[in-house]
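Colleague: Show me how the following folds:
(one chain, ligands or ions: 1)
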Amino acid sequence: MSLWLPPEDLSVDQWADKYRRLAGGLSAEAGQWRTDRTPYMREPMCAFSDPNIEEIVFVAPSQVGKSELELNIIAYIIDQDPGTILYVQPRKEDAMSFSRLRVAPMLKACDKIRDKVRDVEKKGRGATSTVLQKSFPGGMLTLVGSNSASDLSSQPVRYVIGDELDRFATSAGRDGEPWELAKRRQNTFYNRKRVAVSTPTIKGASQIEFLYTQGTRERWKTRCPRCGEYHEVRFDDIQFKAKPKRIAGKESWYVDVTGWKCPGCGEVSEEQEVKKSDSRWEAENPDAIRNNRCRSFWLGGFASPWRPWKDIIQNFCKAKKDPERLKVWKNTDVGDLWEERNTVADETELLKRAEKYPENADLPGEPGCGPLILTCGVDFQ
Ligand SMILES: [Zn+2]
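Modeller: Residues are numbered from 1 along each chain as shown. Got it, this is the predicted structure:
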């Protein structure tokens, strides 16, 4: 008879606050899930339960709880609104470790769904397939890598969840973009849902940036304790002093963070004060709910409750001399796109910039001598 009971009327965040337990040792905090600890998660989770929304896009740096968002959604689907789920990671190995290290402990810790889920045994396919496929009443969770076209385009699925989209294979074999392939499998479901999550990468070449622009473009803004206006806490407005020091011959930095300078009133507030202040999502393109059925969120690194600002600034000081490290810092610590500078479209454009060297050109101070030295550099890559 329990099969005929209607599900409780809960959104994903309400479900998580009631039933989700965090396994000790794997998360920053163990025990009962509390959305209040990461308030920026509430709206993306609510959006998943909203019948007017088909796609949710979440862009954020590392260590803000992106995986927990995905796990809450998976758990909610299993318990409240079962259907087939396709979960896509950049590579099959990533999907396997997500299944072993995140999904399995999540199921183990969560009484409400633990007994519903079974590993699917497949004969002749090797032991790994059981890790990548789990069944539950009314649905199935399949975890795949973005580089396998056959896994991405076989059976119809109602839910598609993509993690780290910006690290997806650029094309899944000859069949096209992995995200598009996965999306096509949902065509027959009127109640389909997609969740795209990623750390951003390079401006103009980022898949998650493109998806974000199609949605509501919501930014997490904090109320200035001085003037009451809402602004995003950005790196440019963080006030700090940094001094280099040497520890055991290695360069290190002494960082002192003064606070955040409000771009509205120019007053500086301390970190703890800013972190306690009210924050909310503000949409730049609210019409996307009606036009594209898509809500998109972009969260900056300074919003994480677990990361002191000092930490992020210290990483900046260590990385600032090296463009490669600075790029990683910008993407994973701040959650911003990296802009390539000095980019030339192609060699014809570069050739157009060449100037004709005048015949018998004079060197400064020595009329009539012509050039004495010619230097030339070549980048072999
Ligand atoms: Zn202000």
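Colleague: So which residues on the stretch 251-381 of the chain come close to the ion?
Modeller: Proximity of the stretch 251-381 of the chain to the ion (Cβ under 5 Å from the ion) is limited to residues 262, 264-265. C-beta here means a position set from N, CA and C on the backbone, and glycine is covered the same way.
Colleague: Can you tell me which of the residues you listed is nearest residue 327?
Modeller: Taking Cβ to Cβ as the measure, residue 327 lies nearest residue 262 of those, at 28.4 Å.
Colleague: Find the residue closest to the closest one in space, skipping its chain neighbours.
Modeller: Closest residue to residue 262 apart from its sequence neighbours, by Cβ to Cβ, 6 or more residues apart in numbering: residue 224 at 4.1 Å.
Colleague: if you skip the residues just before and after it, what's nearest to residue 17?
Modeller: residue 35 (5.5 Å).
Colleague: now residue 235
Modeller: Nearest one to residue 235, counting by Cβ to Cβ, 6+ apart, is residue 334 at 5.6 Å.
Colleague: about what we covered before: show the pLDDT at the residue nearest to residue 262.
Modeller: Per-residue confidence (pLDDT) for residue 224: 97.
Colleague: Apply the buried test to the residues of the stretch 251-381 of the chain next to the ion and list what passes.
Modeller: With neighbours counted by 16 or more other Cβ atoms under 10 Å, these contain buried members at residue 262.
Colleague: CSV for the residues of the stretch 251-381 of the chain next to the ion, including secondary structure, pLDDT and distance to residue 91?
Modeller: CSV is the format used below for these (DSSP: H, G, I helix; E, B strand; the rest coil; pLDDT from 0 to 100; distance: Cβ to Cβ, whole Å):
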residue, secondary structure, pLDDT, distance to residue 91
262, coil, 97, 43
264, coil, 95, 44
265, coil, 96, 47
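Colleague: okay if I get the residues of the stretch 251-381 of the chain next to the ion as JSON lines plus distance to residue 178?
Modeller: Below are these laid out as JSON lines (distance: Cβ to Cβ, whole Å):
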{"residue": "262", "distance to residue 178": "42"}
{"residue": "264", "distance to residue 178": "42"}
{"residue": "265", "distance to residue 178": "46"}
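Colleague: Tell me where the model's unsure across this structure.
Modeller: Low-confidence segments of the chain (pLDDT under 70): 25-28, 121-129, 172-175, 342-345, 357-372, 381.
Colleague: max-length helix in it?
Modeller: The single longest helix within the chain, with elements called by DSSP state H, is helix 66-80.
Colleague: which helices and strands sit right next to it?
Modeller: helix 12-19, helix 42-48, strand 84-89, helix 104-109, helix 111-114, strand 139-145, strand 159-163, strand 193-198 (3 or more Cβ pairs under 8 Å, 6 or more residues apart in numbering; DSSP states H and E).
Colleague: rewinding a little: what about the residue nearest to residue 235, distance to the ion?
Modeller: 21 Å (Cβ to the ion, to the nearest Å).
Colleague: again, but for residue 346
Modeller: 46 Å.
Colleague: Repeat that for residue 86.
Modeller: Applying Cβ to the ion, the value for residue 86 to the ion is 45 Å.
Colleague: Hmm, residue 161 and that residue touching each other?
Modeller: Yes - using Cβ atoms under 8 Å, residue 86 is in contact with residue 161, at 7.4 Å.
Colleague: Now the phi/psi pair for the residue nearest to residue 262, please.
Modeller: Main-chain torsions, residue 224, degrees, to the nearest 10: phi -70, psi 120.
Colleague: one step back: possible to save the helices and strands packed on helix 66-80 as CSV with mean neighbour count?
Modeller: Formatted as CSV, the helices and strands packed on helix 66-80 follow (neighbours: other Cβ atoms under 10 Å):
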stretch, mean neighbour count
helix 12-19, 21
helix 42-48, 22
strand 84-89, 24
helix 104-109, 18
helix 111-114, 14
strand 139-145, 21
strand 159-163, 25
strand 193-198, 24
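Colleague: Throw those into a markdown table and include distance to residue 152, thanks.
Modeller: Below are the helices and strands packed on helix 66-80 laid out as a markdown table (distance: least, Cβ to Cβ, whole Å):
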| stretch | distance to residue 152 |
| --- | --- |
| helix 12-19 | 25 |
| helix 42-48 | 22 |
| strand 84-89 | 7 |
| helix 104-109 | 23 |
| helix 111-114 | 26 |
| strand 139-145 | 6 |
| strand 159-163 | 10 |
| strand 193-198 | 13 |
